[in-house]
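S.K.: Quick one, structure for this:
(chains A and B)
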Amino acid sequence: MDIPVSYFISSLRKLGMLSKFIENDTLAWLLLVVITLVSWFLSEEVTTAGAVMVVVVLSSIKVLVIGFSYMEIQRSKKAFYRFYLLWVILVSCVVLLFQSLFF
Amino acid sequence: MTKSSSFALGPDDKGNGMSFSDKGIWTFVGIDLAIFALFFLVFLIEKKLDPFVFAASRQSLSVSFGFFNMIVLLTSSWLLVRSIKTDDLTPSRRYLAGSILAGCVFMGSKGGEYYGKYLQGISVVENTFFTFYYILTFLHFCHVFAGLIVLTSVYRTSKHHASLSLKSFTESVGIYWHMVDLLWIYLFLILYLL
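M.R.: Down below sits the predicted model:
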């Protein structure tokens, strides 16, 4: 298994509970809804740098959960798997970078 | 109750002669994600050039609408996964119908939002922010529409013809549908929240 994949999944297993959210699609949905509601609550505060970072990170976590739990990218071609992770990291970093320019 | 073969194909299963990792949909999804990433970048650059207009224009968007649409799309994705993973045909089709219905709710909600903008007199040429808003959300809307057409076709076909190849095709459509879902997460983030 690709090293980044095995490292990521073994890290999730160490977290125990969190891996259950990835492997079980219903639990994944619950996690996604909870994160959405937390973001909704925080959206009132999205004027501070800390709140912006939290909201961006939460959005990226949702994208990763969808990727691993629903799309099962871990079963896709390695090239797409790596592309997907890189895409999530790049998009979130670019968004944070541009937002930091406003503070 | 009619029991069909398992919908959840394993890594080496060959629905229409293609394994899960070999599906062409991965290439399509990758290209689509790359294109939208470029759109996001251009939007953020334009926002940096005219921050006050973007900040003021964003105030007229309904964050609550956006969050409601988010939960609707997440639910639609979940129902589609349930449909794919359910062995029995009847409950599988019910989940699929639910997924399609949720997608229609999203389209109705988005249509309502566009109508609200129309009543406010906000057009696509209002300013740079709204040009991006209309283009990006309408592109996403078209993706949702196309996905719903295909999902509806699968739903109708499965009534009379449930086969491994159809289920393999539905898996591919599911991958596309989840992409539409995750695109909305970032679209909502950069248009409505930040």
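
S.K.: low-scoring stretches of chain A, by residue?
M.R.: A:1-23, A:45-47, A:102-103 (pLDDT under 70).

S.K.: All the helices of chain A, in order from the start?
M.R.: Using DSSP state H, the helices of chain A run over residues A:3-15, A:17-23, A:25-42, A:49-65, A:78-100.

S.K.: Spatially central, which residue of chain A would that be?
M.R.: The centroid of chain A falls nearest to A:Ile61 when counting by C-alpha atoms, centre = their mean (1.7 Å).

S.K.: Am I right that that residue is in contact with A:Leu32?
M.R.: No: using C-beta atoms under 8 Å, A:Ile61 is not in contact with A:Leu32; the gap is 9.1 Å. Just so you know, the C-beta spots here come from the backbone N, C-alpha and C atoms, and that holds for glycine as well.

S.K.: So which bits of the host helix or strand of B:Val72 are buried?
M.R.: Here B:Val72 sits within helix B:63-85, counting by DSSP states H and E. Within helix B:63-85, the residues scored as buried using 16 or more other C-beta atoms under 10 Å in any protein chain shown are B:63, B:65-84.

S.K.: same question, stretch B:174-187
M.R.: For stretch B:174-187, the neighbour count (16+ other C-beta under 10 Å) marks B:174-187 as buried.

S.K.: Do any residues in it lie close to chain A?
M.R.: Yes: judged by C-beta under 8 Å from any C-beta of the partner chain, stretch B:174-187 and chain A are in contact via B:174-175, B:178-179, B:181-182, B:185-186.

S.K.: Looking at the residues you listed, which are in helices?
M.R.: B:174-175, B:178-179, B:181-182, B:185-186.

S.K.: Redo the residues you listed as JSON lines? Include pLDDT.
M.R.: Converted to JSON lines, those look like this (pLDDT from 0 to 100):
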{"residue": "B:Gly174", "pLDDT": "95"}
{"residue": "B:Ile175", "pLDDT": "95"}
{"residue": "B:His178", "pLDDT": "97"}
{"residue": "B:Met179", "pLDDT": "97"}
{"residue": "B:Asp181", "pLDDT": "95"}
{"residue": "B:Leu182", "pLDDT": "95"}
{"residue": "B:Ile185", "pLDDT": "96"}
{"residue": "B:Tyr186", "pLDDT": "96"}
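
S.K.: which one of the residues of stretch B:174-187 next to chain A is nearest A:Ser69?
M.R.: Ranked by distance to A:Ser69 (C-beta to C-beta), the residues of stretch B:174-187 next to chain A are led by B:His178 at 9.1 Å.

S.K.: Stretch A:70-78 and chain B, any residue contact?
M.R.: Yes: counting by C-beta under 8 Å from any C-beta, chain B is contacted by stretch A:70-78 at A:70-72, A:75-77.

S.K.: oh, I was asking about stretch A:52-67
M.R.: Yes: applying C-beta under 8 Å from any C-beta, one finds stretch A:52-67 touching chain B at A:52, A:55-56, A:59, A:62-63, A:66-67.

S.K.: about what we covered before: and the residues of stretch B:174-187 next to chain A, which two are furthest apart?
M.R.: B:Gly174 and B:Tyr186 (19.7 Å).

S.K.: What pLDDT is listed against B:Ser21?
M.R.: At B:Ser21, the model reports a pLDDT of 67.

S.K.: Contact partners for A:Ile35?
M.R.: A:58, A:61-62 (C-beta atoms under 8 Å, 6 or more residues apart in numbering or on different chains).

S.K.: Can I get the residues you listed in TSV including distance to B:Gln59?
M.R.: Listed next are those as TSV, based on distance: C-beta to C-beta, whole Å:
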residue	distance to B:Gln59
A:Leu58	22
A:Ile61	27
A:Lys62	24
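
S.K.: of all those residues, which comes closest to chain B?
M.R.: Lowest distance from chain B to the contacts of A:Ile35 (C-beta to the nearest C-beta) belongs to A:Lys62, with 5.4 Å.

S.K.: count of residues packed around that closest one?
M.R.: 24 (other C-beta atoms under 10 Å in any protein chain shown).

S.K.: I figured it was touching A:Thr36, is that so?
M.R.: Yes: here A:Lys62 lies in contact with A:Thr36, judged by C-beta under 8 Å, at a distance of 7.3 Å.

S.K.: List the contacts of the residue nearest to B:Leu189 when sequence neighbours are not counted.
M.R.: Setting aside the residues directly before and after it, B:Leu189 is nearest to A:Ser59 in space (C-beta to C-beta, 6 or more residues apart in numbering or on different chains), at 4.8 Å. A:Ser59 is in contact with A:39, A:92, B:185-186, B:189, counting by C-beta under 8 Å, 6+ apart.
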